[in-house]
Structures are given as C-alpha cells and as structure tokens.
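Visitor: Predicted model follows, preceded by the sequence.
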Amino acid sequence: MKAAAFVLAALFTIGTAVPARAQLGGLGKLKKLGDKAADAKEKIDALNFTDDEERQLGEEVSVKLRTRFGVVQSEPITKYVSLVGAALAQASTRPQLDWKFIVLDTDGVNAYAAPGGLIHITRGLLGLMKHESQLAGVLGHEITHVTAKHTVRAIQKSKGFENLTTAASRSGGAKTAFIAKAGSRVYDSVFEGEFSREDENEADKVGAQLANKVGYAPNGMVEILKMIDARNSGREDRNGLFASHPATRDRIAKLEKQIADEKLTARATVQARYKQSVPFEAKTVSEIAMDVEGAAGLASGDKKKADEKKADDKKAEEPKKKGGFGSALGSITGNKQAQSGQQVASAGARGGLPDRDAKGGANKNPVLVKITAAELEAFKKGITA
C-alpha cells in the first residue's frame, strides 16, 4: 500500500509541475491512442473467425456454387464420396468440423473447398477418375485448404478487406454483415481457384500425407494432375481444376519427390469399389456445353448482372491504382494472382473456359446423408483389405 501511495504521489507531483495546457494535450494524446487501440482491436476481432463464423462464410460460398452448378441428386453417390472424405477428415488436424461433401451436377472437371468444412467435387471430375486413391488425393488437397484456413488467411492478408472490417467495427462489430459482404467476394476467389502458390503447394503436400496416412496410395493427386495436363494439351488459356495453381508439371515433380523423400508407401487404390460406386464418364473439353452467363454468378440469365460482370472484367484488365478486394478476380491473394485473374476475365470474354464455365443442373438442394461410426470403420477396413 505504501509503495502504491508513493507512485501515485509521484505522478501527482510530476503532473502539477507541468503546465495545464500540456497536461490536457497529453490526456488528448492518450485518448487518441486509446481510441486507436480500441479501433484496432475491433478490426482484429472482425478478422478473427470462430469455427461457426468460418462455417457461415463457407455456407455463403456453398450456396452460390450449388446455385451455379446444381447438385447431383443421388444419395448413394453422395454417401460414397462422403465416406472417402470422412475417412480423410477424421485423420486431419480439424476432425471436429461438421464436414460435408457435395457432388456438383456439371461436366466441368473441378473441385472447390469452402471455409468451415464444405467440400465440393464435380460429376465431371468423378468421371475422369479411375479409382478411389485418386478421389482421396483430390479430397485430401481440398480438405487441407480448409484445415490450414487458406481462405481465411487470404482474407486477413487482403488490403481490400480493411474497408469491410472498418464498416463492421463502426456498426458495433456486425460480423454477420461482414461475412455476408465477404461471402460473394470469397466465392469469386474460390470459383476461380485463386489460392497462392504457397497455399497450393501446402495443400498438395499435406493432401498426399493425409491420403497415405489413411492407407491410400499417395500418388493419387499425381495421377489426376497428369490426366488434367493431358486433357488440356494444346490449350494456352487456363481451364478448370487447379487452373491458377503452380505449373502442373512442376507440381507433379514436387509431389513425386515428396513421396520418395518421405517414404510414403501406402498402396491401396480401391479401384473395384470406385468403379462400382461411380457411374460417370468424363466428357472431353470440346464436348462440354458452357454457360458463360452462369459463370457470372447468374441463377437465371439476369442481363443486368451479366452486364455488371462484363464491366467488372473490363476493370480487372485495367491497371489498379489502389489495392483492394474489388472486381479483380485475383485480388484476394495479391498482384500475381490478380494478373492471373485478369487472364481468366479476358478468356471468359472470348467465350468462356469449358471446365470453369460448364453448364450445371437445376436442383441446388444439398443431398443429406448420415454416416454412422460403424459404417465409417467398415469403409476404412475396405481401404486396406
């Protein structure tokens, strides 16, 4: 108590020795510092997502993907994909998430990870695959985007989100409004596959480890990348799955080196079960019917929105004076990705990219399946049988 009294007395003595104007000026500065600190905290809080908030953001993205492409209305197919995904997710670093696996009703060869545990894979990609370890390779990659919070981290790094954060903090930290605004922009990024090179490399690496951990041959993703490379042979534009990822052949080389260096030796491909469960056949790139208006985010050919999309694409090709998460498709991950997004916008203006802009089905309702612990354990035994 005496020590505390001495400190207070000393502060009071120093304070009275300073002119009143200086004292008030100091208090004003302290107040401003306090206000800035409070503002900073509110902004940080606005960018720190809980699991529930991350899921809310993912739901916003998922609704848009399902509206754009429709959902395959098959419980057996959805359950099969969900069992493969659940086996991987259970072995991941975030097994507690409410993981959902959705089969999109389109011939486009693609896959999408939405924050919070919502993984989407297209009918076209399932048709391209030949066995279960390839499916595990792709799902492991997409699961890693979620477990590593790549989309959330991109939001936190993006200068453009400062405006949304400021608006949220000024309205009393209205995170719901913030997420609703962010959702449409994050959808654009997910739709275009605009992850950074580092994020893609991490998803490749951890995805291979995850598949191997469960018992699948870890080169499933390598095989898919080789198939996609052959599928797009002769095309100069970016098309579909992993279109914005690091050069395909470089990724293949890295994955093959990783598998050898880390001695990832699991061998299961589970070809028979895959063939029995998945009835689809992939169409060639030239056979895919496209819906460029749908790619602009339209549910029903709305001309106004199409015009707005064209205007956004035009802006994306113009040099940007200020950084921000705006119309440029790659802005969530920086200038290099922005340039990549601008190339997509140009290609889209010329008539679209088949796997990205493929037509989709009309039914956007998710197919809900229930997987019991016993079912999952029995399924996992079939991997290494």
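Guide: It's in.
Visitor: Could you give the number of residues near Q276?
Guide: Using other C-beta atoms under 10 Å, Q276 has 9 other residues around it. In this view, the C-beta of every residue, glycine as well, is placed from N, C-alpha and C.
Visitor: How about the secondary structure of it?
Guide: With DSSP: H, G, I helix; E, B strand; the rest coil as the basis, Q276 sits in helix.
Visitor: what's the spacing between it and G382?
Guide: Using C-beta to C-beta, to the nearest Å, one gets 11 Å for the distance from Q276 to G382.
Visitor: go on, F69?
Guide: 30 Å.
Visitor: Comparing the two, which shows the higher neighbour count?
Guide: F69 (29 against 15).
Visitor: in stretch 352-361, what counts as buried?
Guide: Within stretch 352-361, the residues scored as buried using 16 or more other C-beta atoms under 10 Å are G352, L353, P354, D355, R356, D357, A358, K359, G360.
Visitor: Now do that stretch, average pLDDT.
Guide: Averaged across stretch 352-361, pLDDT comes to 91.
Visitor: ok, so of the buried residues of stretch 352-361, who is nearest N110?
Guide: D355 (5.6 Å; C-beta to C-beta).
Visitor: Would you confirm that that closest one contacts Y112?
Guide: No - using C-beta atoms under 8 Å, D355 makes no contact with Y112, being 12.0 Å away.
Visitor: What are the boundaries of the strands in this structure?
Guide: 100-104, 111-114, 118-122 (DSSP state E).
Visitor: is it possible to export the ones you listed to CSV including distance to G215, mean neighbour count and mean pLDDT?
Guide: Shown next, in CSV, are those (distance: least, C-beta to C-beta, whole Å; neighbours: other C-beta atoms under 10 Å; pLDDT from 0 to 100):
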stretch, distance to G215, mean neighbour count, mean pLDDT
strand 100-104, 19, 25, 98
strand 111-114, 21, 25, 96
strand 118-122, 20, 26, 98
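Visitor: Distance to V81 added to those strands, as CSV?
Guide: Output for these, formatted as CSV (distance: least, C-beta to C-beta, whole Å):
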stretch, distance to V81
strand 100-104, 5
strand 111-114, 11
strand 118-122, 7
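Visitor: among those, which is nearest V190?
Guide: Using C-beta to C-beta, the strands of the chain put strand 111-114 closest to V190, at 5.4 Å.
Visitor: What is that closest one packed up against?
Guide: When contacts are defined as 3 or more C-beta pairs under 8 Å, 6 or more residues apart in numbering; DSSP states H and E, strand 111-114 sits against helix 51-69, strand 118-122, helix 132-147, helix 150-157, helix 175-192.
Visitor: hmm, who's touching it?
Guide: 57-59, 61-62, 65, 104, 119-122, 125, 138-139, 141-143, 145-146, 150-151, 190-191, 193, 241 (C-beta atoms under 8 Å, 6 or more residues apart in numbering).
Visitor: run the last query once more with 6 Å
Guide: Contact with strand 111-114 is made by 58, 61-62, 65, 119-121, 125, 138, 142, 145-146, 190, as judged by C-beta atoms under 6 Å, 6 or more residues apart in numbering.
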